[in-house]
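> Generate coordinates for the sequence data below:
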Amino acid sequence: MELLDYTDKVDLFFEKLPRDWQDAIEPFWEDIQETTKLYVITNNNQIMVGGLVFKQCPPDLLYYKRGAENWFTKGYLYLGFIYTMEAFRGQKLGSEWLRLIRESYPQNGFWLAIEDETLHDFYVKSGFEKSDNITTPYGETEIIYSCPPLSLEFGKIDTVSST
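Coordinates of the predicted model:
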């Protein structure tokens, strides 16, 4: 499988996201597109899974901006809006996407925030560990997961291409 840079084709991914996710990212895309990349895995030009790699605080986490800046200062990138299309769920594509992202950025660690605790095992199997709990402005709890950079002894694996 190949990880593709679809940053110039974000509309193809955004239109497939749940409506509340679209509302959380689309209005801000113009402001963050210079520091955010969209990567997808496709099959016959159909997006199966994708997500965003942020180099600045994502718009849906501005309440955590100070914490986010600490992660970015340490060389960590934020992963957000990771979404597997319904027709492709259960095929380990989310795990593959995370693996390819980590291999594409071996010098960086990653962090993300989730609300759904049922995803704990998925992220732990993918090399992440629970790092923190934060409270949203709405009083909900989000869990921060992080994973360190891959060992530099493996070198950079060139798995990203543009189409």
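
> Okay, and Phe13 sits in which element?
helix 10-14 (DSSP states H and E).

> And the average pLDDT for that helix is what?
What helix 10-14 shows for mean pLDDT is 97.

> Using PDB, write out every CA atom in that helix.
Coordinates of each C-alpha in helix 10-14 appear next as PDB, following Å, rounded to 0.1, in the frame of the first residue of the first chain:
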ATOM      1  CA  VAL A  10      -8.700  18.000   0.300                       C
ATOM      2  CA  ASP A  11     -12.200  18.400  -1.000                       C
ATOM      3  CA  LEU A  12     -12.300  14.700  -2.100                       C
ATOM      4  CA  PHE A  13     -11.500  13.700   1.500                       C
ATOM      5  CA  PHE A  14     -13.500  16.400   3.400                       C
END
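
> mind listing what's buried in that helix?
10, 12-14 (16 or more other Cβ atoms under 10 Å). The way it works is simple: take the backbone N, C-alpha and C, and place the C-beta from them, glycine included.

> Same check on stretch 97-109?
Per 16+ other Cβ under 10 Å, stretch 97-109 contains these buried residues: 97-105, 108-109.
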